[in-house]
Structure formats: C-alpha cells, structure tokens
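Participant: generate a structure from the sequence data that follows.
(chains A and B)
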Amino acid sequence: MTSSRSPLARIGKTVQILLLLLYAVFALFPLLWMFIMSIKPDSQMLTTTFIFTPTLENYATVLHSDYMQFFWNNLIVSVAAVLVSLVVGVPAAYALARFQFKLKEDIAFTILSFRFAPEILVILPLYLIYQRLGLYDTYFGLIWVYQLITLPLLIWILRGFFEDISPDIEAAAQLDGYTWWQVFLQVLLPLVKPGLVAAGLLCFIFAWNSFTFPLLLSNNVQTSTVIALRYLASDTVHYGQVAAAAAISALPEVILALLIQKHLVRGLSFGAVKG
Amino acid sequence: MASIHLSGLTKFYGKRRGVEDVSLEVADQEFLTVFGPAGAGKTTTLNLIAGIVTPDGGSIRIGEKTVDALEPADRNVAMVFESYALYPQFTVYQNMAFPLRSPKHRLPTAEVEQRVRHFATMLKIDHLLDRPIQALSNGQRQRTALGRALVRRPDVFLMDEPLSHLDAKLRHSMRAELKEMRGQLGTTTIYVTHDYLEAMSLGDRVAVINQGRILQVGRPEEVYFRPATVEVAQLFGDPEINLVEAKIRGRQASSVRVHALGEEWSFPITPEIGSALDKLTGDSVRLGFRPVDVEVGANGKSSLHGVVYSFEPLGTKSVLTIDSVAGQRIRALVDGRRTFQVDRRIEFGVPGSSVIFFDPESTRYLVRSTRTEGDD
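Facilitator: Just a heads-up that it's a prediction; the model follows:
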C-alpha cells in the first residue's frame, strides 16, 4: 500500500513545501528589504541592491537621536490603550454574548461601525473637540482616541469566545458554591484566554501602527510612527535612517507575536471554527 | 436532607410560557421524577429551584427555608445538567473537586481527595481521574458530572435528563445503577426526563408536566393505570394508548353495550364503573386502552373486526396496526412469535378490565376497573 502511494504523496508534500516557501519569501520580503536598507550607507542606497558595505551607522544615528523618546511614547500609549480596552471590552463582550436586552444587535453593530469610518474623515471634528477639551497633545487624549481602533476589535473577537461557552457551565459553577465574580475569574477567563491573547495582540499592533491620530491630535507627545517621517525632509532623504527607525519600531510587535505565537494560532482559529 | 415545596411557580420567557402555577411537594428523601415532552417546562422548573432562573411569581421552600431571595450558591442544591456542563479546562479530578474547593463548601485537601476518590470509585471512573474532559466518552462525562454533584452532600439533587445523550444500552445500565445509588444516598432528588420508562422505573412518584403545567402527580402505577387526563395517558406508553369515541347503547348491572369503531360491542363492568357512567350527562364517552391489552384473534363476545394495516416485529413483541371498521387505526402489541400478513382480515377484542373511561368534554379521567391492579 505504501509503495503505490508514497511517490505521489512525496511529490505532493514537496510541492506543498515549495509553495509555502514561496509564500514565506513573498510575505517576509518587505521585512528583509527594510533590514537591508537599514544597514546600507546612504551613498549606496540607490546604486546597488545586494552588494554594498554594511554599516550600523544608521542605527547609531537613530538611537542617539531623540527617536527613542518617541518610541517610549508609542509604547506607553499603545499598551495603555490595550489595557483600557481589556478592562472595558471584556465585560462588554460578555454582556453582548450573554444577556438579552433591547437594541443589543444595534449596539454591537454600532461598536463595530467605529472601525468602518476612515480616520481621516473624523479627524477634523475630533481635532476641534480635543483642542477645546484640552486633550490635544496629551497621553490621555491619544489613549482615548485609540479606543476607536482597539475596542471594537476586542469586543467582537471576545464576544464569539463567550458565546461558545455554555451558560450551563456558569450556572454549574455558581451551584458549586462560587459567586459570580469568582466564576468569571476562575472559570470563564481561562476559557477565553486564547481569544484574549489574540485580540490583545491585534489591538496592540493596530494601536502601535496608528498614524493619522497621533499625527493630527498630538505634537510634543508624539509617537514613533509619525516621527519616522522626519528623516524624509524636502531636501534630503535618509532612507537608511528611515529603515533603521522602522526596524526598531517593528521590534516590539515581532517579539510579542513570537512570545504568544502558540496562543495566537489557537485563538484565531478556535473562535472561527467553533463560532 | 430536606423536603421541597413549590407553590404557584410561574415563569414566562417574553410571551412564551415556561411554567405556570406549578405547585409541588417533594418529601424528604423522596425521588421524584418530572416527566414531559420536549419544551414542557421541565428544565425551567429545575432552573427555578436551583436559582439559575428567577421566577415571575410563586415561592420555593427547601426544608424550612424560603430560598426565593437566595443566590444559587446559597441554596445548597447540586445539579446535573443535560449538557453535563463540565469545566473543559480541568481534569476529571479537578472537576469533581471544584465544589469542595469553593469558598462555600471548602474542605481540607485530604478530605477533598478522600471524597473524590470515594465517589469516583462508586461511579467507576477512579481510573480516569487525571484525564482531561475532552478525552472522555459521553458515558464517562456523564459520570463525572454526577460525581461533581455527589461529592457535596447537598440538601437536594436536581438532575436534568442526565441519561438522554447516552446510547440505549448504556442508558439502560446507567438507569439501573442510578436506581441502586439512590438507595445508598437517600437525598431528596428531582429527576427530569422525557423518557416515560425512566420516569416510572426511577421515581417514587412521577410528576407529569406539559406546556408549563403540571397534569398529574402520583406513584408510577397510578399515573400509568389511572391517568388524570387523556394527555397523560398519551404521554405514557409506547406504542401510544388507543383512544376511541364511544356511544353508550345500553347498560345492564354488570355489562355495558357501546357503539365504537363502527361496531356495537359490549364488555363487563364493575359496579364502580356503573355508578360513574350513571353520572355522565350525555351518552358519549371516550375509551382508552393500551396496545398491550388488545387481544388479537380473540373469539370472545366483544370481538371487533378489522384489517391488518401494518406489522412491525420488534423481537419479543410486535406492533400491529389494525384498520377498524370505522377506519380508525388501532395499535396492538402482540407476542413476537406470531406473524400477521398485511391486509389480512382479523378479529380483535378489548377486555373490559383494561378500558379506561374519560370524559369526552373535559378529557378527564372518569373510572376504570380495579381488577388489573392487585394492591388497591
């Protein structure tokens, strides 16, 4: 049996690996390109592709500038935005999954619709409101406006996870002698953990990469995404420094994704298959 | 250990009736089965007692304590769910120990261990204690769910169709085991089922419920032999009871002559039936008789005529469906060794002692012969 099937199976396997490899190159090429650019001196930037004298000068320039200050700003704002979203979004997702109330679907859809609106469309009224309220150019202002990005995502992913948990399990735990809060913390949260991790990471990525909001709602409290632009001046363009800044900026996302990879795959596929 | 008193319990889900005006008394250590078809309000009743669902009206007392205002955790009630509701992230041991680690019922670790092992052995799942829930079969999950309820020694057990998802063979063996176990535990239990055999075999008493209302509460043989209404009679027994509209054509002291199924026939009656029939306002009555009581090929006085419509052999018994003269189909349960050809003409009869009389208007139980039952 194996003799008749194995050559075909082996060819199939080889083709599969080749295709996956091709896709990996396709997906990773921009990252690779960015890295190559970041270690090229400016003089060779446009003259060569792969043959050049590698240099760390771009990194040195970026790291010695105030870029790191904005890097930390971005980290503070993004992490805080995700934390706020978790605190607000987990109960909201639970309520939308469990309880029956008037306009439930409308509320859920309204929350989702925040993601539809192009940021550029709402930025002008937001700018005026922020100026008036004194939220312009503050950490708090940015964290708040980031909820438009992170909260709908988190709520909609987690809602599916909560819906997958049978209400009987909650009732059982309550009958076993636990209060609602203990049930929530000891039984429900562990069950939605994969979803929590996946949604948390996605929220962080979206918040971290946000460009329009910090560009227009902040000035001194600026994030690295916006600051990377300043290497592109009207007279000189430091592609190498832009690439180095971008590489540094991509680092937290890459590290975070690698750390929670296991949960991530499970979280993203689990909810989808079961929901 | 405690008795349970429900009075006037009512719960509506929007406009849909969950239960309405359910009143029930369950004695200490009694095993009451609640029987009804799907959507009858059985689970709602259990959820109300457990406190998972809040009633729109009525009151619940467990022992001497009114529990209406208590949280589920404070009612000292254990429940086995139809879906088992096991914690999927835990092992069998962790599931069973979970109630004993709660703030309400916390016990020292050694005692938790001892109790879990005791009941796991009793349920024959002691070799599975370290397995995750996903690795269990349905039967093993069911036992784990039962074990989680048993370890706590609650005042009241509530069981919501715990056997319904098991295959027939396992269900029958678990039924026997449950019956044995209830003797050992002696805890007041309400057991919900849609299987009339389960209801009759397990319960000290059976409460029949349909469309949110209790139709009858009684010992299994009472409910079976003296159903309070036509509906109850229809819910018990498979194949379903035969119901026939009849006109009384004449009556002597010890027999009655009826026109039913397109023929005129008579059968003997007891004085008790006679006096009940005297109270009837009209001359019509509804007769009920179980398929098992139909005598096929009988040559007695009350012989009726028909044609075999269908014949299903089931092993020890066979179900025979007969087209009567009037066209109404009559179900009969006959010995499995007999065979019948479809379309064959046959004679059949109904012994007077097996006929149940119902009021044709209210469909309520009127009377039946006491001869079939020895004990009353």
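
Participant: can you tell me the SS state at the closest residue in space to B:Asp155 that isn't next to it in sequence?
Facilitator: Among residues not flanking B:Asp155 along the chain, B:Ala2 sits closest, at 4.2 Å (CB to CB, 6 or more residues apart in numbering or on different chains). Yep, even glycine has a C-beta here, placed from its N, CA and C like the rest. Three-state call for B:Ala2 (DSSP: H, G, I helix; E, B strand; the rest coil): coil.

Participant: ok, so what distance separates B:Ala2 from B:Glu30?
Facilitator: B:Ala2 sits 11 Å away from B:Glu30, taking CB to CB, to the nearest Å as the criterion.

Participant: neighbour-wise, which of these two wins?
Facilitator: Set B:Ala2 next to B:Glu30 and count neighbours by other CB atoms under 10 Å in any protein chain shown: B:Ala2 wins out with 20 against 17.

Participant: surely that one touches B:Gly63?
Facilitator: Yes - counting by CB atoms under 8 Å, B:Ala2 does reach B:Gly63; the two are 3.4 Å apart.

Participant: now do the shared contacts for B:Ala2 and B:Glu30.
Facilitator: Residues touching both B:Ala2 and B:Glu30 (CB atoms under 8 Å, 6 or more residues apart in numbering or on different chains): B:Thr188.

Participant: now stretch B:98-115: how far from the chain's centre is it?
Facilitator: 35 Å (CA atoms, centre = their mean, to the nearest Å).

Participant: between the two ends of that stretch, how far is it?
Facilitator: 12 Å (CA to CA, to the nearest Å).

Participant: what do you get for stretch A:129-144?
Facilitator: Per CA to CA, stretch A:129-144 runs 13 Å from first to last residue.

Participant: buried residues, that stretch. List them.
Facilitator: A:Tyr130, A:Leu135, A:Tyr136, A:Asp137, A:Thr138, A:Gly141, A:Leu142, A:Ile143, A:Trp144 (16 or more other CB atoms under 10 Å in any protein chain shown).

Participant: let's have those residues in JSON lines, adding pLDDT, secondary structure and distance to B:Gly139.
Facilitator: Listed next are the buried residues of stretch A:129-144 as JSON lines, based on pLDDT from 0 to 100; DSSP: H, G, I helix; E, B strand; the rest coil; distance: CB to CB, whole Å:
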{"residue": "A:Tyr130", "pLDDT": "93", "secondary structure": "helix", "distance to B:Gly139": "62"}
{"residue": "A:Leu135", "pLDDT": "91", "secondary structure": "coil", "distance to B:Gly139": "61"}
{"residue": "A:Tyr136", "pLDDT": "92", "secondary structure": "coil", "distance to B:Gly139": "65"}
{"residue": "A:Asp137", "pLDDT": "91", "secondary structure": "coil", "distance to B:Gly139": "65"}
{"residue": "A:Thr138", "pLDDT": "92", "secondary structure": "coil", "distance to B:Gly139": "61"}
{"residue": "A:Gly141", "pLDDT": "93", "secondary structure": "helix", "distance to B:Gly139": "59"}
{"residue": "A:Leu142", "pLDDT": "93", "secondary structure": "helix", "distance to B:Gly139": "56"}
{"residue": "A:Ile143", "pLDDT": "95", "secondary structure": "helix", "distance to B:Gly139": "52"}
{"residue": "A:Trp144", "pLDDT": "94", "secondary structure": "helix", "distance to B:Gly139": "54"}
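
Participant: closest one of those to chain B?
Facilitator: A:Ile143 (32.5 Å; CB to the nearest CB).

Participant: you'd agree the closest one is up against A:Ala80?
Facilitator: Yes - using CB under 8 Å, A:Ile143 is in contact with A:Ala80, at 4.7 Å.

Participant: what mean pLDDT does the top helix by length along chain B get?
Facilitator: In chain B, assigned by DSSP state H, the helix with the most residues is helix B:168-185. In this model, helix B:168-185 has a mean pLDDT of 83.

Participant: where does the prediction get shaky in chain B?
Facilitator: Residue ranges of chain B with pLDDT under 70: B:1, B:298-302, B:370-376.

Participant: how is it divided into domains?
Facilitator: B:4-232, B:242-368 (automatic domain parsing).

Participant: point out the most buried one among the ones you listed.
Facilitator: Burial of these is given as mean neighbour count (mean count of other CB atoms under 10 Å in any protein chain shown); domain B:4-232 ranks first at a mean of 19.

Participant: that one: how far from the chain's middle?
Facilitator: So, by CA atoms, centre = their mean, the centroid of domain B:4-232 is 14 Å from its chain's centroid.

Participant: just the terminal-to-terminal distance for that domain.
Facilitator: 24 Å.

Participant: hmm, back to that, summarise which helices and strands the longest helix of chain B is packed against.
Facilitator: If you count contacts as 3 or more CB pairs under 8 Å, 6 or more residues apart in numbering or on different chains; DSSP states H and E, helix B:168-185 packs onto helix B:138-150, helix B:196-202.

Participant: between the ones you listed, which one is nearest to chain A?
Facilitator: helix B:138-150 (7.3 Å).

Participant: what's the burial count for the residue of the stretch 1-150 of chain A found nearest chain B?
Facilitator: As assessed by CB to the nearest CB, chain B sits closest to A:Gln100 within the stretch 1-150 of chain A, at 8.9 Å. If you count neighbours by other CB under 10 Å, A:Gln100 ends up with 7.

Participant: can you tell me the SS state at it?
Facilitator: coil.

Participant: could you check the pLDDT of it?
Facilitator: Value for A:Gln100, per-residue pLDDT: 87.

Participant: do the same with the one 4 residues further on
Facilitator: Confidence at A:Lys104, expressed as pLDDT, is 90.

Participant: hmm, B:Val116 is touching B:Pro99, no?
Facilitator: No - B:Val116 is not in contact with B:Pro99 according to CB under 8 Å; the separation is 10.1 Å.

Participant: count the neighbours of the one residue in the stretch 51-200 of chain A that gets nearest to chain B for me.
Facilitator: Nearest residue of the stretch 51-200 of chain A to chain B: A:Gly177, at 3.0 Å (CB to the nearest CB). The number of residues packed near A:Gly177 is 23, by other CB under 10 Å.

Participant: residues in contact with it?
Facilitator: A:Gly177 makes contacts with B:Ala73, B:Pro99, B:Ser102, B:Pro103, B:Lys104, B:His105, B:Arg152, as judged by CB under 8 Å, 6+ apart.

Participant: please redo it, this time with the cut-off set to 6 Å
Facilitator: Contact analysis of A:Gly177 by CB atoms under 6 Å, 6 or more residues apart in numbering or on different chains lists B:Ala73, B:Pro99, B:Ser102, B:Lys104, B:His105.

Participant: now the spatially closest residue to the third one that is not a sequence neighbour. Its backbone dihedrals?
Facilitator: Distances taken as CB to CB, 6+ apart place A:Gly177 nearest to B:Ser102, at 3.3 Å, with adjacent residues excluded. Taking degrees, to the nearest 10, you get phi 110, psi 20 for the backbone angles of A:Gly177.

Participant: and the residue nearest to B:Asp155, how far from B:Arg61?
Facilitator: Distance of B:Ala2 to B:Arg61, computed by CB to CB: 9 Å.

Participant: the helix or strand containing A:Trp208: which residues count as buried?
Facilitator: Using DSSP states H and E, A:Trp208 maps to helix A:189-209. Buried residues in helix A:189-209, counted by 16+ other CB under 10 Å: A:191-192, A:194-208.

Participant: pLDDT on it, on average?
Facilitator: The pLDDT scores in helix A:189-209 average 90.

Participant: do it and chain B meet?
Facilitator: Yes - with CB under 6 Å from any CB of the partner chain as the criterion, chain B is reached by helix A:189-209 at A:Pro190.

Participant: extract the CA atoms of the helix or strand following that helix and return them as PDB.
Facilitator: Next in sequence after helix A:189-209, counting helices and strands by DSSP H and E, comes helix A:212-217. Extracted in PDB, the C-alpha atoms of helix A:212-217 (Å, rounded to 0.1, in the frame of the first residue of the first chain):
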ATOM      1  CA  THR A 212      -3.300  59.600  11.500                       C
ATOM      2  CA  PHE A 213      -4.500  60.100  15.100                       C
ATOM      3  CA  PRO A 214      -1.100  60.900  16.600                       C
ATOM      4  CA  LEU A 215      -0.100  62.900  13.600                       C
ATOM      5  CA  LEU A 216      -3.100  65.300  14.000                       C
ATOM      6  CA  LEU A 217      -4.000  65.000  17.600                       C
END
